[in-house]
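>>> This is the structure alone, sequence omitted:
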């Protein structure tokens, strides 16, 4: 995500999401234990995290639900996630 994309996303979140709120993140990574662990480690222990491997087994979706206090918390996770090579945001 470019800084401009993040700013647009931030404004949309402010307009549509009441905070604090339960926020759902969804990412797709290669089915590789290291990459899956990197995504899972973006979240605190109390996050509700589920993984599901694709039919071909090549990719894994990681869905996490967590309580966020403000929009900055949401954006911070996406910034850290962007550092994981090959990650796809949904």
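Sure, I can see it. Just so it is clear, the structure is predicted and the values come from calculations on it, not from any experiment.

>>> mean confidence for stretch 65-78?
Averaging pLDDT along stretch 65-78 yields 96.

>>> Ends of it, what's the gap?
14 Å (C-alpha to C-alpha, to the nearest Å).

>>> Mind telling me what element residue 7 is part of?
helix 3-16 (DSSP states H and E).

>>> List the buried residues for that helix?
Buried residues in helix 3-16, counted by 16 or more other C-beta atoms under 10 Å: 9, 13. From N, CA and C alone the C-beta is placed, and that goes for glycine too.

>>> From the rest of the structure, what touches stretch 26-43?
25, 49, 51, 53-54, 57-64, 66, 77, 80-81, 84-90 (C-beta atoms under 8 Å, 6 or more residues apart in numbering).

>>> Can I have the buried ones of these as a ChimeraX selection?
To isolate the buried members of these in ChimeraX, using 16+ other C-beta under 10 Å:
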select :25,49,59,60,61,62,64,66,77,81,84,87
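
>>> Give me the subset of the contacts of stretch 26-43 lying in strands.
25, 49, 51, 53, 59-64, 66, 88-89 (DSSP state E).

>>> Quick check: which of those residues has the minimum pLDDT.
Comparing the ones in strands among the contacts of stretch 26-43 by pLDDT, residue 89 comes last, at 91.

>>> beta partners of it?
residue 27 (DSSP bridges).

>>> for the ones in strands among the contacts of stretch 26-43, which one is nearest residue 8?
residue 89 (13.5 Å; C-beta to C-beta).

>>> show me the contacts for that closest one.
Here residue 89 is in contact with 1, 26-27, 78, 81 (C-beta under 8 Å, 6+ apart).
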